[in-house]
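**Q** no sequence for this one, just the structure:
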């Protein structure tokens, strides 16, 4: 699976400023099709209606967290393989471990720049 800059990307964060920042960084990297959702349940609705190539989700959201979203995405056979990157402000090792166990592809700690984001995305799409 190689990195395709035309694939749809879904950014999930309840903080509008963060959504705008991540969308701008994705555009800098070269992505053109970027949608957003303000929480996990809205993201699930969007994922049902469109085939995304990547989800970048915040961890801490209400009412459904990024962690819950990840577990639901992995539990559905249709979306189980969807590349998923978790974004968080806290680098708690138990969160990283929990996210890895739940099947996250990568993890980014805020704040980050386009270079970091690009590196994390590229690592998700490297052939194993």
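**A** Good, I have the coordinates. What you see is a predicted model; the values in this text were computed from it and never measured.
**Q** And the strands in the chain?
**A** Using DSSP state E, the strands assigned to the chain run over residues 9-12, 34-37, 54-58, 84-88, 106-109.
**Q** what distance separates stretch 60-70 from the centre of its chain?
**A** Centre-to-centre, stretch 60-70 and its host chain are 12 Å apart (C-alpha atoms, centre = their mean, to the nearest Å).
**Q** So what's the residue count around the nearest residue to residue 88 once chain neighbours are set aside?
**A** The shortest distance from residue 88 to any non-neighbouring residue, by C-beta to C-beta, 6 or more residues apart in numbering, is to residue 59 (4.0 Å). C-betas here are computed from N, CA, C, even on glycine. Applying other C-beta atoms under 10 Å, we find 23 residues neighbouring residue 59.
**Q** Name all residues that make contact with residue 59.
**A** 65, 66, 67, 86, 87, 88, 90, 95, 99 (C-beta atoms under 8 Å, 6 or more residues apart in numbering).
**Q** any idea how far the spatially most central residue of the chain is from residue 76?
**A** Against the mean C-alpha coordinate of the chain, by C-alpha atoms, centre = their mean, the closest residue is residue 56 at 1.5 Å. According to C-beta to C-beta, to the nearest Å, residue 56 and residue 76 sit 18 Å apart.
**Q** Since that was my last question, I'll sign off now.
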